[in-house]
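A.B. asks: Attaching a predicted model along with its sequence, questions to come.
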Amino acid sequence: MSTYTVSGRFQSRDGFQPFTKDVDAENEDLARERIYTQVGSQHNRKRTQIEIEEVSAA
């Protein structure tokens, strides 16, 4: 497992809200999936409302 830093933004009432999160995953695709799951559940957003801009190994 590696640690990835994922940054992007999600849609909120006031426009877009930026975020940067660290996540443990086996590859970049799994890191993206975990971010969709975490941000979606925490902020009640669908995948179409979340934009991932960058995924980098930490």
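C.D. replies: Nice, thanks for sending it over.
A.B. asks: centroid residue for this structure?
C.D. replies: Computing the C-alpha centroid of the chain and ranking residues by C-alpha atoms, centre = their mean puts Ile35 first, at 3.4 Å.
A.B. asks: what's His43 in contact with, if anything?
C.D. replies: By C-beta atoms under 8 Å, 6 or more residues apart in numbering, the residues touching His43 are 10, 12, 17. Bear in mind the C-beta positions are built from the backbone N, C-alpha and C, glycine included.
A.B. asks: try Arg47
C.D. replies: Here Arg47 is in contact with 36, 40 (C-beta under 8 Å, 6+ apart).
A.B. asks: gap between stretch 48-58 and the chain center?
C.D. replies: How far stretch 48-58 lies from its chain's middle: 5 Å, per C-alpha atoms, centre = their mean, to the nearest Å.
A.B. asks: Pull it out as PDB, backbone CA atoms only.
C.D. replies: In PDB, the C-alpha atoms belonging to stretch 48-58 read as follows (Å, rounded to 0.1, in the frame of the first residue of the first chain):
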ATOM      1  CA  THR A  48     -20.700  13.900 -10.900                       C
ATOM      2  CA  GLN A  49     -20.400  16.600  -8.300                       C
ATOM      3  CA  ILE A  50     -16.800  15.800  -7.400                       C
ATOM      4  CA  GLU A  51     -13.900  16.800  -9.600                       C
ATOM      5  CA  ILE A  52     -10.500  15.200  -8.900                       C
ATOM      6  CA  GLU A  53      -7.800  17.400 -10.300                       C
ATOM      7  CA  GLU A  54      -4.600  15.600  -9.200                       C
ATOM      8  CA  VAL A  55      -3.500  12.300  -7.700                       C
ATOM      9  CA  SER A  56       0.200  12.100  -6.600                       C
ATOM     10  CA  ALA A  57       2.200   9.600  -4.600                       C
ATOM     11  CA  ALA A  58       3.100  11.100  -1.200                       C
END
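A.B. asks: and Arg45, backbone torsions?
C.D. replies: The phi/psi pair for Arg45 (degrees, to the nearest 10) reads phi -120, psi 150.
A.B. asks: distance of it from Val23?
C.D. replies: As judged by C-beta to C-beta, to the nearest Å, Arg45 and Val23 stand 17 Å apart.
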